Each structure stands twice: as structure tokens, then as C-alpha cells.
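give the three-dimensional model of this entry:
(chains A and B, ligands or ions: 1)
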Amino acid sequence: MNYNVNEKGYYGEFGGAYIPEMLYPNVEELRQNYLKIMAEESFQMEFRQLLKDYVGRPTPLYFAKRLSEKYNTKIYLKREDLCHTGAHKVNNTIGQILMAKRLGKTRIIAETGAGQHGVATATVCALMGLECIVFMGEIDIKRQAPNVARMKMLGAKVVPATSGSKTLKDATNEAIRDWINNPVDTHYIIGSVVGPHPYPDMVARFQSVISEEIKTQLKEKESRENPDFVIACVGGGSNAAGAFYHYLDKPEVGIIAVEAAGKGIDSGESAATSALGKVGIIHGSKTLLMQTADGQITEPYSISAGLDYPGVGPMHANLFASGRGEFISITDDEAMQAGLELCKLEGIIPAIESSHALAIFETRKFNQNDVVVVNLSGRGDKDLDTYIKYFNY
Amino acid sequence: MNRIKQILKANKKLLSIYFTAGYPKLDDTVEILQQLEKNGIDLVEIGLPFSDPLADGPTIQKSSEEALKNGMTTNLLFEQLKDIRKTVSIPLILMGYFNPVLQFGVENFCKKCAEVGIDGLILPDLPLAEFQEHYAEIFKKYGLLNIFLITPQTSEERIRQIDAASEGFIYMVSSASVTGSSSGFGTEQTTYFERIASLSLTNPQIVGFGINNSETFQLVTKYAKGAIIGSAFIKMLSEKGIAGISAFVGSIRKV
Ligand SMILES: Cc1ncc(COP(=O)(O)O)c(C=O)c1O
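Now for the predicted structure:
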């Protein structure tokens, strides 16, 4: 079975480009050009060079000794938290800004939830001298204040999304509306493996550097390219797509996607799409999403702004539906405890998104000899406020 | 014959209204339709509200949000429209986003439309290729026309494809914008209207987005068969309610 996108833009039954005609020329332009441009040697050179010198790649694959001892298995952390700007998001924005330049675009828009993608977009726009507008839900602007300040310092304009749940989904709606209003000069840098084809595939390819590096690094450390398990949190699913990418068609590698259960799957305040979602259309993609029986999209909830999204990318919907991926959901409380545990055991303060991935060791058991790679998607600086409030520091 | 095809043959410029079902009040749908017909509106787009209307500006977003809060659902809309053909005979089009239709079941949705007397659908986020591959047969079976959009950025090649796939009219989006912008039409738009008029398409065009008064209506119908007013009508409804319909339509038609 093939877990990658097919020539029509689908992963199994998921994906496609369900967009209003106003967006068709832009999305079609991208679809016709993205593989060609990515294959150009000059593109690859520039992309690789920036990942190395600017982002600081390769990021370490770190053997977490004390964490491993505690859970009696071999845990490696892929340190995306050490990327410039503090999360994996920048791998994608570097790729897309180079893409935008080659398409002759001069104005960049983006949506952001946690603010990590907004910061990563503002950063590459500063780097390339391009205008940058970031849409962010009003609620997220409040809970991720340091990232809002960062974006402004980097020269971006931050526009609050005040409709609906005032979080990531609504910021995405606003970005799409802006793109409809500015169809000629603007490129929309989507921050995850969501949206109409070719976005999910393009973003997954830019993020695939994560598993490319894991293979090489694991070879050095364990004399094997393939771990027994790769674990990543899934909001839209870009860090997970990157961590899974080169293992998708390696059945011996277990793929574990961790979603945010919020206050519990049945609490009515959750973002666990695989458990609560049904097939539908969100932001131009046919995928699993949380919705009412009437097809209205439900407002999700998670303590982690980056996982607070009612859908998942179509690649993940297919990994779930086909059974290739194991999907686990983790509550706010479990994630917060796991985040604190990593601080105490390994001296690393993780992003709350990443804490969700770490939390599965409490419930999901592994064998002593299993090699388990956790994608540590980001660092916790942006979440200090939330950690402080939660633990009363 | 399908009512849309029939009205398109009339020797006049068509004035069409879009409104969101369930707004301002949940049960206004039927009365609004009756008033629109009484005041000489030629065809109506009934909006099925959606939580995430990507192609809509603030006015229609707000009306959708209110309508959903009021309790509008797909089932309820069909229930409200059950006897509509006893009192209203102008063509009726349902306009909405694809997800609610998908959840209702596309065939089931089309069947219901046929039962209550709907003549066509506009589903902006159901792409042409997807429609042709999976749904065209179903639409045909229930006698529903699917209306496609074109915009100033749509290539001639694609316009020709859309024209070939269309029956009825083509929804011509006036400018690169979501619904409800009111910046008026400059030479950029008139050049676009002229360009489309010169293509001699099989299907007539009806222009929508940004039409909000008599002036913009007169301008676009110089080039096209008709015009659709949405946000401006909803704004009026929110201020004056159903009682304001007569004066509103009068103000558009006046020359
Ligand atoms: C650190 C971190 N991890 C994960 C995510 C979730 O995004 P994705 O699922 O696309 O990796 C975010 C999103 O903001 C993030 O900032």
C-alpha cells in the first residue's frame, strides 16, 4: 500500500482540493510548479544551505538516558526544539519562502495557532525582505503573547481573527479570505500538512528532512536506520509527517500519532480528531474533522494552541483509516505532567504540543530493547505562561 | 423545463437576491421568498449557513453565525421549504458549502431539493473536476443545475471548460474578493466584463459580489444577463427586517 499522495492529490480517499474557484489559479499554479521547483538543483542547494547555516540542522538525535531508564526502553529525542525559532515549523517556512520567490510572489500571508508558525514565517520574510501578514485567533494572541511580540519585532503584521472559536481554524479562514482578496502577488504559507493539494504533500516534503536525518543518525548510534517506533504529536500533522515520512512504507517501523484529548475525549472539550472526527471537508481538504451531524465544524479545545485544530492532514487521516498508524490521545493534565517530567529528568523544557507525545510512556508500554524515537517538535519558552499558571510557579 | 433555464430566456436583465436561511429569524425563510417574488425578483439564492464560510466577508459570515445560533439545520430548511411551490414560482437555488451537503449525503440532498422544488445548486468549494467525476449524474437525475463560478483570474481555457460543463448560467464573480466588498467597479472590472462578454459563451452570465445599489446593478447588466445582490440585502434585512424588502428592491430597479 502507498501512504503517500497520488497523482490526483489524494491519500487513499483523503485530500484533494475543495476550494472555491477564486483560489483555483493560485493553487493550480502551485500544483503545476512545486515538484519542478523543488527538484531544481539551485533550489535544493539554497534550501539545504539555509537549513544548515540558518536553522542549525541537522538537529541532534539525543539518547534520553534517564527517561529511558524510567520507562525501561530506549528513547531517543529528535531535537527539533533546537531549530532556529524553537520548533520544526521553520523547515517548512524556509522551503515555502524559496518557493514563493521562485513564483514571483512579493507578499506573504500565514495563519498561526501557537505562534510558532507565525514566528517562523515572519523570520523567513525578514530574511528575504518580503512583506508578512500573520492571522492569529484572538484567544491565541492572548495565550501566546511572547510569540506575538516576536512576530512584531521581526516586522510582521499580526491580524487578529475574531470569528468563530477565535483560534487556529478561524485564523486559517481569515488567511484564505485574504488570499482570495489578493490573488496575484500573494503566497500563502500554510503551516501544516493541511489545506488543498498540493499543500499537504509540499509541507510533508519540506518536513521530511526530520526522518531523513533520523535515519542517518540512528545508523551511527544503533547501526540501524529504522527505529521500532516513531512518535509525534499531531495538530495538523506537519512535525509528524516529517518524522514519519521516510518510514511510511517500512512496515517494521511502528508509527504513533498523538492527539490532544483536551479535558478528555468525551468531555466536549477536546481536539482528538481521530477519535471524534468524521470524513468531511475542512480548509480545502477531504479529511477527518470534528463536526456536528449537520456538517458544521466543531470548535476544538486543547491547552496547547498548536494542537487546537478540529481536523488532521489527509496523510494522517489515511494512516488512521488504513490502520498504518496507531493513534493515541493525551489529556491536558497528562501532557503537562510529561512536560514537567522531561524538565526534571533531562533538563529540557518542551513545548506543550511535544509534551503530548512524551506523555504516552505512562500508558503505552514498550519493550526494553525497543528503539523509540520521539519527535520533540518544539521548545517550551512560548508556553512558560501556561506552565507557570498550571503548576503555580 | 427547469425554471432557471426558463427565466434566462426572458427578454430582460435579471435581478437576483441571496439571503441566508434562518436569518434574521429562524422562520423568516418562506416569508422572505414570498416578498422577493412579490417585489419582482427574478431568482433567489437561498444560503445554507455554514460554520466556516471561506469565501464570504463579514456580513454573510455574521448572518450564517446568527442563523446557526437560531437553530437552522439542513433538515429544518427542507422542512420550511416543503410547501414553497404552492406560493412561490420563481427559480430557487440553494447555495452553500460542500461539507453540510456531504454529511447529508449528496444523493439524499439532491432528492430533497427535487422534492421541494429547488432548481439548482451553487457549491463554491465543490471543484469542477470533482463534480464531473462523482456528482454530475446525481444532479442530472434530480433535474438540478449546478452553477459554477468564474473570477477575473480564471483563464480563458478554464472558462471554456466551465461553460461546457454548465447548464443555465455562469456565476461571474465581479472582482478578486470575498463577498460584501463595496469598493465599486473601476476600469479593471469593466475590462473584465467586456472580455467575458466578447467570449460569446454558451451560457449567460450573472454577476455577483460587490453589487449593492442601482448604479452597480445597471453597470454590470450592461455586460451580463443579470446580477446577484447578497451582502447589501442582508445588511438591509438586519436593519429593517422583512418590511424593508419592497423599498430595497425598488431602490435597485430604479434607473
Ligand atoms: C512545537 C509545536 N509542535 C507541534 C505543533 C503542531 O503542528 P503540527 O501538527 O503541524 O506539527 C505546533 C504548532 O504550532 C508546534 O508549535
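
so in chain B, which strand runs the longest?
strand B:14-20 (DSSP state E).

so what strands line up beside that strand?
Here strand B:14-20 is paired, per DSSP bridges, with strand B:43-47 (parallel), strand B:226-229 (parallel).

quick check: what element follows the longest one along the chain?
Same thing as strand B:43-47. Counting by DSSP states H and E, the next helix or strand C-terminal to strand B:43-47 is helix B:58-70.

helices or strands up against that following helix?
Contacts defined by 3 or more C-beta pairs under 8 Å, 6 or more residues apart in numbering or on different chains; DSSP states H and E place helix B:58-70 against strand B:14-20, strand B:43-47, helix B:231-240. The way it works is simple: take the backbone N, C-alpha and C, and place the C-beta from them, glycine included.

quickly check: the helix or strand following that helix near chain A or not.
Sequence-wise, the next helix or strand downstream of helix B:58-70 (DSSP H and E) is helix B:74-80. Yes: Helix B:74-80 comes into contact with chain A (C-beta under 8 Å from any C-beta of the partner chain), by way of B:74-75.

how far is helix B:74-80 from where the chain is centred?
Chain-centre distance of helix B:74-80: 18 Å, with C-alpha atoms, centre = their mean, to the nearest Å.

who's in contact with the next helix or strand after it?
Downstream of helix B:74-80, the next assigned helix or strand under DSSP H and E is strand B:92-95. Outside strand B:92-95, the residues within contact range by C-beta atoms under 8 Å, 6 or more residues apart in numbering or on different chains are B:3-4, B:18, B:33, B:43-48, B:81, B:84, B:113, B:117-124, B:147.

repeat the analysis, applying 7 Å as the threshold.
Strand B:92-95 has contacts (C-beta atoms under 7 Å, 6 or more residues apart in numbering or on different chains) with B:18, B:43-48, B:113, B:117-122, B:147.

note down every partner strand of that strand and its orientation.
Using DSSP bridges, strand B:92-95 pairs in its sheet with strand B:43-47 (parallel), strand B:120-122 (parallel).

past that strand, which element shows up next along the chain?
Heading C-terminal from strand B:92-95 (DSSP H and E), you reach helix B:98-104.

quick one: that following helix near chain A?
Yes: Helix B:98-104 reaches chain A (C-beta under 7 Å from any C-beta of the partner chain) through B:98-100, B:102-104.

can I get the residues you listed in a markdown table with distance to the ligand?
Shown next, in a markdown table, are the residues of helix B:98-104 next to chain A (distance: C-beta to the nearest ligand atom, whole Å):
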| residue | distance to the ligand |
| --- | --- |
| B:F98 | 24 |
| B:N99 | 21 |
| B:P100 | 26 |
| B:L102 | 24 |
| B:Q103 | 25 |
| B:F104 | 30 |
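
which pair of the residues you listed spans the longest distance?
Pairwise distances across these peak at 10.6 Å for B:F98 and B:F104 (criterion: C-beta to C-beta).

compare the two and say which is more crowded by neighbours.
Just comparing B:F98 and B:F104: by other C-beta atoms under 10 Å in any protein chain shown the higher neighbour count belongs to B:F98, 24 against 20.

which ones are touching that one?
Counting by C-beta under 7 Å, 6+ apart, B:F98 has contacts A:18, A:281, B:123, B:125-126.

next one: B:I41
When contacts are counted by C-beta under 7 Å, 6+ apart, B:I41 touches B:15-17, B:90, B:249.

equivalent analysis for A:G378, please.
A:G378 makes contact with A:80-81, A:86-88, A:116, A:351, A:353-354, according to C-beta under 7 Å, 6+ apart.

am I right that A:A232 is in a strand?
Yes: assessed with DSSP: H, G, I helix; E, B strand; the rest coil, A:A232 lies in a strand.

got a list of what it touches?
By C-beta under 7 Å, 6+ apart, A:A232 lies in contact with A:239-240, A:243-244, A:257-258, A:357, A:375, A:377.

other residues contacting stretch A:319-331?
For stretch A:319-331, contacts defined as C-beta under 7 Å, 6+ apart pick out A:1, A:3, A:12, A:254-265, A:272, A:274-275, A:288, A:316, A:356, A:359-360, A:364.

just the ones of these in helices?
With helices taken from DSSP state H, the overlap with the contacts of stretch A:319-331 comprises A:274-275, A:316, A:356.

kindly reformat those as TSV containing neighbour count.
Shown next, in TSV, are those (neighbours: other C-beta atoms under 10 Å in any protein chain shown):
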residue	neighbour count
A:S274	19
A:A275	17
A:H316	32
A:H356	36
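
just these now: which is nearest A:R205?
Using C-beta to C-beta, A:H316 comes nearest to A:R205 of the ones in helices among the contacts of stretch A:319-331, at 15.5 Å.

endpoints of stretch B:79-99, how far apart?
Counting by C-alpha to C-alpha, to the nearest Å, the length from the leading to the trailing residue of stretch B:79-99 is 20 Å.

so does the helix or strand bottoming out on mean pLDDT in chain A get close to chain B?
Ranking every helix and strand in chain A by mean pLDDT, DSSP states H and E puts helix A:138-143 at the bottom, with a mean of 89. No: using C-beta under 7 Å from any C-beta, helix A:138-143 stays clear of chain B, with a minimum separation of 14.7 Å.

mind listing the residues bridging to the most centrally placed residue in chain B?
With distances taken as C-alpha atoms, centre = their mean, B:E45 lies nearest the centre of chain B, 3.7 Å away. Following DSSP bridges, B:E45 is listed with bridge partners B:Y18, B:I93.

for it, what are its contacts?
Taking C-beta under 7 Å, 6+ apart, we find B:E45 in contact with B:16, B:18, B:93, B:95, B:122, B:228.

reformat these as JSON lines; add pLDDT, distance to B:T154 and neighbour count.
Shown next, in JSON lines, are those (pLDDT from 0 to 100; distance: C-beta to C-beta, whole Å; neighbours: other C-beta atoms under 10 Å in any protein chain shown):
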{"residue": "B:S16", "pLDDT": "98", "distance to B:T154": "20", "neighbour count": "25"}
{"residue": "B:Y18", "pLDDT": "98", "distance to B:T154": "20", "neighbour count": "22"}
{"residue": "B:I93", "pLDDT": "98", "distance to B:T154": "20", "neighbour count": "27"}
{"residue": "B:M95", "pLDDT": "98", "distance to B:T154": "19", "neighbour count": "23"}
{"residue": "B:I122", "pLDDT": "98", "distance to B:T154": "16", "neighbour count": "20"}
{"residue": "B:I228", "pLDDT": "97", "distance to B:T154": "17", "neighbour count": "28"}
